[in-house]
Each structure stands twice: as structure tokens, then as C-alpha cells.
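Asker: I would like the atomic coordinates for the input below:
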Amino acid sequence: GINAEYMGGTTRLPRKTHKGLRKVACIGAWHPARVSYSVARAGQNGYHHRTEINKKIYKIGKRLDEKPQGDQDLTDKPITPMGGFPRYGIVKNDYLVIKGTLPGPTKRPLTLRKPMAPQNTTMHKEKIDLKFIDTSSKFGHGRYQTVEEKAKFLGPTKRNVAH
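Answerer: Numbers count the residues shown, from 1 in each chain. Just a heads-up that it's a prediction; the model follows:
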């Protein structure tokens, strides 16, 4: 609620208050018929830290890898999909390819640490054989892995033909 112990929370209402006492008694006048931004309301208070456990790292990639793709993929292409990652852009630094999802927004920093217990299960012990990394566009229905592949398939386009 809004009665935070620290960070400038509001004070509790008296014991006999109807419908709860950890509130703001008056959140504004009848008109204007909306709550002002300056009125204290319940919500997130600060930056929450979350710990994710047992994330499997598929690949640790360098920024200037010659061939960052898997063993089966013969095309020489960067890790960034066509058009960049949604809400991120082009990968310009070292990167990790991790199995599963990660919490928070796209550019939120992540802390990795060694596991507390030894990883003894067969899933953790199996050797990772990364065969193919999909670099088609993540906006819409991506069909092509590289710009060259797209140009070869579509042929000369109006944009590229000299008038």
C-alpha cells in the first residue's frame, strides 16, 4: 500500500476508519473528475530484484565472431536477426544465448552467478550441440535468414533498380 515505513509513505488512518485504514482519506475533489498525479496511490515502490535459477547457457558469443552460427548452418551471418531484435536493436557487444525466458524489460541488466548446488542431472550434463540459430525477422513473418538471401529470392526490386 501507500503507508510505507520508509521512502516518504503516508500515515495510517484511525482505527475506526471504514473500508480500511492504510489508505489516503481524500484522493481529490469531485471536479476535476480524475485523480491528480500527486496523490499517493498503491503500486510498485522501488526496483525489485529477482533471482532466476538453473538457466542453461547455450553459447557465449564474442562481438566480432567470424561465424557465430551453429555447426549445421553454412551461412556466414551475424547473431542479430534481420531488422534487429524487437525493442532492442542490433547486438554490438559480447552476448549469451540462454535457454528459456528472463524477467524484466529487454535492456535490463542481468546478474549471473555460479550454482549453489552441483548440477548432476542428465539434462545439465548433456553436451550442447547448437545446430542452427534463426536470424529471420522477428517483426511479422520472417522468411529470409540474410539480406542477400532475400535479394536473391525476390530478384531486382523497384527500390534497387536505377531509373
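
Asker: kindly state the pLDDT recorded for the nearest residue to Val147 once chain neighbours are set aside?
Answerer: Closest residue in space to Val147, ignoring its immediate chain neighbours: Met82 at 6.6 Å, by CB to CB, 6 or more residues apart in numbering. For glycine as for every other residue, the C-beta is placed from the backbone atoms N, C-alpha and C. Here, the pLDDT recorded for Met82 equals 92.

Asker: checking Met82 next. Helix, strand or coil?
Answerer: coil (DSSP: H, G, I helix; E, B strand; the rest coil).

Asker: contacting residues around it?
Answerer: 135-137, 142, 144-147, 150 (CB atoms under 8 Å, 6 or more residues apart in numbering).

Asker: narrow those to those that are buried.
Answerer: 135-137, 144-145, 150 (16 or more other CB atoms under 10 Å).

Asker: contact partners for the residue sitting nearest the centre point of the chain?
Answerer: Centroid-nearest residue in the chain, with CA atoms, centre = their mean: Thr106, separated by 2.8 Å. Thr106 makes contacts with 85-88, as judged by CB under 8 Å, 6+ apart.

Asker: and of the residues you listed, the nearest to Cys26?
Answerer: Minimum distance to Cys26 across those is 39.4 Å, recorded for Arg87 (CB to CB).

Asker: what does that closest one show for phi and psi?
Answerer: Phi and psi for Arg87, reported as degrees, to the nearest 10, are phi 60, psi 20.
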